[in-house]
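In: attaching a predicted model along with its sequence, questions to come.
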Amino acid sequence: MKKLSTYLFLILFSFSTPSFGDDISEYQIEGISIGDSLLDHLSKEEIANEIEVNKPTYNYLTDEFGEVYLSGNFETYDTLSFFVKPNDKNFIIYDIRGLVEYDDNIEQCYAKQKEIVEEFSLSYENARKEEGKFVFPWDPTGKSNVLNIIFTFNSGDTLAVSCAEYEKNLKIQNNWVDNLSISISKKEVDNWMRTHIN
C-alpha cells in the first residue's frame with residue numbers, strides 16, 4: 001500500500017513509486033483506502049448520524065453519496081472525511097480526504113497547497129491537472145469558497161489538493177475551520193460533484 005502521508009507538513013512527502021497508478025485503492029490516508037468499509041472505524045448508527053448532520057452542506061446535490069467525518073489522534077491530519085453511499089449496507093468508501101486546519105491563515109494554506117502541487121506535478125506528469133475556485137452555494141454572502149487543484153488519471157479517478165475558506169459567522173455557527181485537504185476519489189464521486197456544480 002502507498003501512503004498519502006507526512007511530506008505535506010514535514011516536507012518529506014513521497015510515494016513508494018514515482019508515478020500514481022490508476023488503481024487508487026492501493027493508496028492510503030492514515031492507513032485507510034478507497035474500497036475499505038467505513039464500518040471498520042464507525043458503527044452503522046454513527047455513520048447514519050454523520051450523513052444526516054452533513055446533509056445541509058450538500059443540499060444542492062442528490063443523496064447518492066453522504067459525507068462522514070472522523071476525528072482522532074492521526075499521524076498527519078486533524079480530521080478525515082469520507083464519502084459513502086447511504087444505502088450501502090457495507091458503507092464502502094468512495095472518497096477519502098485528510099484535512100489540516102489553517103484557521104484564520106488561508107494564505108499559509110495556499111502556500112502549502114502550492115508546494116504540494118509542485119511535487120505532485122513532477123510525480124504525476126501523465127495526469128491531467130485542473131485548477132478552479134468554487135463558491136459554496138449554501139453561503140448567501142458568497143465568502144465561503146474552495147480552491148481546488150485536481151489531478152485526473154486515465155481511470156477518471158482523481159487526486160485533489162484543496163484550500164477551503166469559510167465566512168466568519170458560518171465558522172462560528174458550525175464550528176468550521178479553514179483547511180487544507182488532500183483527497184483521493186473514485187470517478188463516480190467526482191462525476192456526482194461535477195454534474196451538479198457545473
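Out: It's in. None of these values were measured; they are calculated from a predicted model.
In: helix or strand next in line after the lowest-mean-pLDDT helix or strand in the chain, which one?
Out: Least confident helix or strand, the chain: helix 7-10 with a mean of 36, by mean pLDDT, DSSP states H and E. Next helix or strand after helix 7-10 toward the C-terminus (DSSP states H and E): strand 27-29.
In: and after that next one, which helix or strand comes next?
Out: strand 32-33.
In: let me see the mean pLDDT of that following strand.
Out: Confidence over strand 32-33 (mean pLDDT, whole number) is 94.
In: quick one: strands adjacent to it?
Out: strand 27-29 (antiparallel) (DSSP bridges).
In: distance between the partner strand and the chain's centre?
Out: 12 Å (Cα atoms, centre = their mean, to the nearest Å).
In: for residue 80, what are its contacts?
Out: 29-30, 32, 69-72, 74, 96-99 (Cβ atoms under 8 Å, 6 or more residues apart in numbering). All C-beta atoms are positioned from the backbone trio N, CA, C, and that covers glycine.
In: what pairs with it across the strands?
Out: residue 70, residue 98.
In: next one: residue 162
Out: residue 148, residue 181.
In: tally of neighbours for it?
Out: Number of residues near residue 162 (other Cβ atoms under 10 Å) recorded here: 19.
In: does it touch residue 149 like I think?
Out: Yes - applying Cβ atoms under 8 Å, one finds residue 162 in contact with residue 149, separated by 7.3 Å.
In: report the buried members of the contacts of residue 80.
Out: Neighbour-count burial (16 or more other Cβ atoms under 10 Å) applied to the contacts of residue 80 gives 29-30, 32, 70, 74, 96-99.
In: make JSON lines out of these and add distance to residue 126.
Out: Putting the buried ones among the contacts of residue 80 into JSON lines (distance: Cβ to Cβ, whole Å) gives the following:
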{"residue": "29", "distance to residue 126": "22"}
{"residue": "30", "distance to residue 126": "27"}
{"residue": "32", "distance to residue 126": "26"}
{"residue": "70", "distance to residue 126": "32"}
{"residue": "74", "distance to residue 126": "30"}
{"residue": "96", "distance to residue 126": "23"}
{"residue": "97", "distance to residue 126": "23"}
{"residue": "98", "distance to residue 126": "24"}
{"residue": "99", "distance to residue 126": "27"}
